[in-house]
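Engineer: Predicted model, plus sequence, below.
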2 protein chains.
Amino acid sequence: MSRPRVVIVGAGFAGINAAKALGKAPVDITLIDRRNFHLFQPLLYQVATAALNPSDIAYPIRSIFRRQRNVTDIVLGEVTAIDVDRRIVTLDDGSAIPYGFLIVATGATHSYFGRDEWEAVAPGLKTVEDALLIRRRVLEAFEMAERHPETATEWLTFVIVGAGPTGVELAGAMTEIAVHALAKEFRHIDPATARVVLVEGGPAVLPVYPARLSESARRQLEGMGVEVRTDSLASEIDTTGVTLSDGTRIDSHSVLWAAGVEGSALGATLGAEMDRAGRVLVDEHLTLPGHPEVFVLGDLAHVEGPEGPVPGVAPAAMQAGRHAGEQIIGALEGREPVPFIYRDKGSLATIGRAKGVADLPIARFSGFPAWLAWLTIHIFYLIGFRNRVFVFFSWAWSYVTFRRGSRLITNIEPGER
Amino acid sequence: MSRPRVVIVGAGFAGINAAKALGKAPVDITLIDRRNFHLFQPLLYQVATAALNPSDIAYPIRSIFRRQRNVTDIVLGEVTAIDVDRRIVTLDDGSAIPYGFLIVATGATHSYFGRDEWEAVAPGLKTVEDALLIRRRVLEAFEMAERHPETATEWLTFVIVGAGPTGVELAGAMTEIAVHALAKEFRHIDPATARVVLVEGGPAVLPVYPARLSESARRQLEGMGVEVRTDSLASEIDTTGVTLSDGTRIDSHSVLWAAGVEGSALGATLGAEMDRAGRVLVDEHLTLPGHPEVFVLGDLAHVEGPEGPVPGVAPAAMQAGRHAGEQIIGALEGREPVPFIYRDKGSLATIGRAKGVADLPIARFSGFPAWLAWLTIHIFYLIGFRNRVFVFFSWAWSYVTFRRGSRLITNIEPGER
């Protein structure tokens, strides 16, 4: 007997949770991803800042579904086309997979607001390779300063564009690398003299947080020595630095991009309406208008909830994934679809060692308790016992020693060095 | 007052130990390496086989010498020329460093015996990037077999050329990946059907070991299912497989090179006599004939000891490094140079889970005890408390679960996927 096939594109938080919700369903699941691992993106900045290894925050997709037998196919490949009328997904090797239900959850990538040439000089942080590139650029900047002290100022100036959670976390971590992790290791420069500038177009850091917490985050950042510049946009970025909207020029060889994201390209191929950020507009059932069998989830989807659009955060993606899975089971059992309701469990951001902000339903607080809550939640949601132990030990070790365990400059292209 | 400058090129086992031996000496040390970390090469194959992370077996050079103040310069760069008459070392950025004493310890790289075109199809294992490339090739081979079952046989055939310690360790680890680590994770292929072929030109595996241990190693490998082919050379290697000297053709997309090494290119620039493996012939003081101030150490040096040439192994390099450091101190104190005597502490090789061979002065044994001795020694010699804990935990976890913790396919070139 043939069971309905559910094709899931993307093994992020939404895709993984959708597949798990279908664990006991009478369906055959094909899970497609370009990578062989699920990545815990909220901790990616810790790889970029030499605190964690890629494999500490990634887990092989096949291992996750080792025992879930209705996941009949896990495909390492890229979807090149989706035909929602003929219900067929096409892969990069030309093979076509017909589906009964489709879940598209390929997430978002960074957006340079039309200035794609900036990507080469101001890398963003979405993939493991991005993180290793940023780690390499940052560590090499200190090496260049040591080797050419006359140019130390530019080399020791780090500019982070965008003060959302990633930008704030990067800025905090950069300061700690300079002040603590590299202390006493250089002979001709003092890493602690490094200048970390956080540039934000809006009036506040962590814009989505309540004003009180935003201000607290800003105070905590400035307390660490981060130079916070709100209400200023990057108008020009090149290999020698950044020009801000007010004309200020900042000489720097290390500009990091944490400003904009846009839905991944696959969304556009669905032929549905999109928002300005390249996200697919879905109805309250998280499905394409007119296609109740096609779900678009996570950062790729624009969902209008009672309190405005659902935010592009991991908890929302997990909830959407579970909802989609349940809806498919409901449809198979002939039940009416239930609208998706996003339950805001609150937001947590870390700023650095024993620093952070927490905006939880029960309370709003900052500093050490927020940081502790952040650590606990992130360890809890990591997949895999081994990863939890390694991340916990890495953090404990860093906390005690003030050092960072993954300070390798790797991914040197052949011949480059 | 100006103190004599000791320039050390290469932060491997020899270079690191030379610098440490000079810890209290009245000299200024410049330590030059192309990488920012010291790599524990004996465990590199474990990165290639997804058991360990690069940063578990690497340690930042600056951290090692954080408190040794007479290391006045640590340079991330490449030496392009050495003028032993004018006593000047030139770097890739053109800067020239005059020296009083010079230690050249840049190690070895793999040699394809004049068939350099094989490097692209049969990667060797010397750098972190090599290890990540091999890891990626191996893991992708299983993915390709799953996606295209009709070609599974070629994709699931792995050929390792060269049955020295690295080749034997790779062959054993490859078998364990196929049989244990990936078990139950694929739906269309059985990884355990993978064929691992170990090709060796000589009559025995681990040729440097006593016959009894070589035979034991071979039995242990064959017991794991490795196909051992001694007395056969690779006469042709391309993307589709290997042709052996006896005409046998093995179809495989995963050929790994563990056969030959040769001294790194810098050796030739010293203008000294070299052996056929591109190693610099040094006298019993480990110095260049006619240049008592120039030491060549480790895998780059050819040293004739009372019992024949000193082997290119980590313990020999460490001893040579310490000896060079002591000789420099002696020279400063006007003492006569003392010849280098290599103390053979014995050899250990691991073959796989609870398998290995040990050739120690006190005893020769194999199997579990040899494996245990191997684990203990390698953890002991790792630099850094954190690395020791992580490696120990990784091994313990793998031993209990039969799994491997770093199964990420990374270093995807942009646009490639």
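Structural biologist: Done, it's in. Residues are numbered from 1 along each chain as shown, chains lettered A, B, ... in the order given.

Engineer: where does the stretch 101-250 of chain A come near chain B, residue by residue?
Structural biologist: Residues of the stretch 101-250 of chain A that fall close to chain B, judged by CB under 8 Å from any CB of the partner chain: A:128-129, A:132, A:139-140, A:143, A:146-147, A:182, A:184-188. In this view, the C-beta of every residue, glycine as well, is placed from N, C-alpha and C.

Engineer: How about stretch A:267-281, which residues are buried there?
Structural biologist: Residues A:267, A:270, A:272, A:274, A:278-281 are the ones in stretch A:267-281 that count as buried (16 or more other CB atoms under 10 Å in any protein chain shown).

Engineer: And stretch A:322-338, by the same measure?
Structural biologist: Here stretch A:322-338 shows A:322-329, A:331-332, A:337 as buried, counting by 16+ other CB under 10 Å.

Engineer: Next: stretch A:19-32.
Structural biologist: For stretch A:19-32, the neighbour count (16+ other CB under 10 Å) marks A:19-22, A:25, A:27-32 as buried.

Engineer: The host helix or strand of residue A:153 - contacts with which helices or strands?
Structural biologist: With secondary structure defined by DSSP states H and E, residue A:153 is part of helix A:152-155. If you count contacts as 3 or more CB pairs under 8 Å, 6 or more residues apart in numbering or on different chains; DSSP states H and E, helix A:152-155 packs onto helix A:128-147.

Engineer: From the contact counts, what lies against the helix it packs on?
Structural biologist: For helix A:128-147, the packing partners by 3+ CB pairs under 8 Å, 6+ apart are helix A:44-48, helix A:152-155, strand A:254-257, strand B:71-76.

Engineer: Dump the ones you listed to CSV, plus mean neighbour count and distance to residue B:378.
Structural biologist: Shown next, in CSV, are the helices and strands packed on helix A:128-147 (neighbours: other CB atoms under 10 Å in any protein chain shown; distance: least, CB to CB, whole Å):
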stretch, mean neighbour count, distance to residue B:378
helix A:44-48, 25, 26
helix A:152-155, 20, 37
strand A:254-257, 26, 36
strand B:71-76, 20, 26
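
Engineer: Out of these, which is closest to residue B:152?
Structural biologist: Ranking these by distance to residue B:152, with CB to CB as the measure, places helix A:44-48 first at 33.7 Å.

Engineer: any idea which helix or strand comes after the closest one?
Structural biologist: Past helix A:44-48, heading to the C-terminal end, the next element that is a helix or strand (DSSP H and E) is strand A:58-60.

Engineer: rewinding a little: could you save the helices and strands packed on helix A:128-147 as JSON lines and add columns showing mean pLDDT and distance to residue A:203?
Structural biologist: Shown next, in JSON lines, are the helices and strands packed on helix A:128-147 (pLDDT from 0 to 100; distance: least, CB to CB, whole Å):
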{"stretch": "helix A:44-48", "mean pLDDT": "94", "distance to residue A:203": "23"}
{"stretch": "helix A:152-155", "mean pLDDT": "96", "distance to residue A:203": "29"}
{"stretch": "strand A:254-257", "mean pLDDT": "97", "distance to residue A:203": "20"}
{"stretch": "strand B:71-76", "mean pLDDT": "96", "distance to residue A:203": "41"}
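
Engineer: of all the ones you listed, which lies closest to residue A:198?
Structural biologist: Going by CB to CB, the one of the helices and strands packed on helix A:128-147 nearest residue A:198 is strand A:254-257, 9.9 Å.

Engineer: is the closest one anywhere near chain B?
Structural biologist: No. Strand A:254-257 stays clear of chain B (CB under 8 Å from any CB), getting no nearer than 15.5 Å.
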